[in-house]
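J.: A predicted structure for the sequence below; I have some questions about it.
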Amino acid sequence: MPQSCSNPWLWPNKPWERVHIDYAGPFLNNMFLVVVDAHSKWLDVVRMSSTSAESTINALRYMFSSYGLPKEIVSDNGPQFVAAEFESFLKNNGIKHTKSAPYHPSSNGEAECAVRTFKTGMKNLEDEEGTLNQKLASFLLSYRTTPHTLTKVTPAELFMGRKLRTRLDIIRPNLKLSVQLRNQQHVKKDRTMEVGDLVMVHDYRGQKRKPSWVRGLILQKLGPVTYTVQVGELQWKRHIDQMRACHPDCVVDDYQNKSHLQDIIDLPSYFPREEITRAPMVPSSESITPSMISSPTLKRSITNESRETMPKTVESIPSCDKSGSMATESRFPRRERSKPNRLIETM
């Protein structure tokens, strides 16, 4: 059972503030420089051909160019770490050098634990295919993307502020893609209109809950879905949901008074004259024939005023009765009336 430390190292507030270093080897016929960050537990291993002070400085200089200069370095009393050249390198870069007590490796327990983890991981990859460098890269990626037992977070998240992408992410569901696909299923198809298009717009004059439709002309596009529409002498701001594309030959049959109808007739001069003349409005009473009575569109387009001025032939259609004489038949079939069945008392 491991003994508890009476004076543990303080956990740094930021990554790469205190770094522990040590050499591992000879291992797998090579020497390795092991560097571990005390805050994030980020592990870096460099394959070394020499363990001299100069080689150690070159390895650390390349590492510092990627991660920056740490505030403190903790090492044992190895000859390369106590050399004057190494001490001068750290002093010139403003790095504090803390050395463990002689013959007491547990004082640099962070580095000793990292060396043990490195050796165990490389032994597990001994039977795998690939070179030593490939196995080392595979081990480092696996270690950096695995939650640490102390912090419960991956070293990559604490050190780099993000998760590293691995092959496991390929089979995991992409949250961003799934949200986009779900939104696309509920998004309506984009409808666009251009300046100069003839449209039908909502007319909120009167009953706002049940607006009527008025023909207008798009004058300006204010935004992706907002337009300025010219209706008669007025200019309205409308959303695209409040407009519908209008064909020049469409029949307007939803108007109930002359004021709405006058807005359509008094269109500006830049409306194509042929489009206005081709769109029939409310037909006159003189052009109505008995055969046109059954048309649903005509029935809706006839206003109250036109019904009063219609000839009698519209209200009734002459026909013959059973005796052969002319009779007047109503437009609608005559409803047969029957007396209600009442309870009749009998004596």
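T.: Arrived safely. Residues are numbered from 1 along each chain as shown.

J.: What count of nearby residues applies to S178?
T.: S178 sits with 10 neighbouring residues when counted by other CB atoms under 10 Å. C-beta coordinates here come from the backbone N, C-alpha and C atoms, glycine included.

J.: That one in helix, strand or coil?
T.: Here S178 is recorded as helix under DSSP: H, G, I helix; E, B strand; the rest coil.

J.: ok, so what distance separates it from R172?
T.: Using CB to CB, to the nearest Å, S178 is found at 11 Å from R172.

J.: same question, K71
T.: Distance, K71 to R172, by CB to CB: 37 Å.

J.: and the two? which has more neighbours close in?
T.: Neighbours per residue (other CB under 10 Å) separate K71 from R172, with K71 holding more: 13 against 8.

J.: what sits against that one?
T.: Each residue near K71 by CB atoms under 8 Å, 6 or more residues apart in numbering is listed here: E17, R18, I95, K96.

J.: can you list these in JSON lines and add distance to S75, secondary structure and pLDDT?
T.: Compiled in JSON lines, those are given as follows (distance: CB to CB, whole Å; DSSP: H, G, I helix; E, B strand; the rest coil; pLDDT from 0 to 100):
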{"residue": "E17", "distance to S75": "16", "secondary structure": "coil", "pLDDT": "94"}
{"residue": "R18", "distance to S75": "12", "secondary structure": "strand", "pLDDT": "95"}
{"residue": "I95", "distance to S75": "11", "secondary structure": "coil", "pLDDT": "96"}
{"residue": "K96", "distance to S75": "12", "secondary structure": "strand", "pLDDT": "95"}
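
J.: okay, these in TSV with distance to P26 next?
T.: Output for those, formatted as TSV (distance: CB to CB, whole Å):
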residue	distance to P26
E17	31
R18	28
I95	28
K96	30
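
J.: which among those residues gets closest to G109?
T.: Nearest to G109 among the contacts of K71, counting by CB to CB, is R18 at 13.0 Å.

J.: Can you report how many residues neighbour the closest one?
T.: For R18, using other CB under 10 Å, the count is 22.

J.: thinking again about what came up before, which one of the contacts of K71 is nearest R61?
T.: When the contacts of K71 are compared against R61 (criterion: CB to CB), the nearest one is I95, at 11.7 Å.

J.: Do you know the pLDDT at the residue nearest to that closest one when sequence neighbours are not counted?
T.: Of all residues not flanking I95 in the chain, I73 sits nearest, at 5.6 Å (CB to CB, 6 or more residues apart in numbering). Predicted confidence (pLDDT) at I73: the value is 96.

J.: and I73, what does it touch?
T.: Applying CB under 8 Å, 6+ apart, the residues near I73 are R18, V19, H20, I21, L90, I95, K96, H97, T98.

J.: just E110 next, same as before
T.: Neighbour list for E110: W9, H20, V36, A38, V74 [criterion: CB under 8 Å, 6+ apart].

J.: Spell out the residue ranges of the helices in this structure.
T.: Assigned by DSSP state H, the helices in the chain fall at 53-67, 84-92, 109-124, 132-144, 155-160, 168-171, 175-186, 258-265, 273-278, 296-301, 304-308, 312-315.
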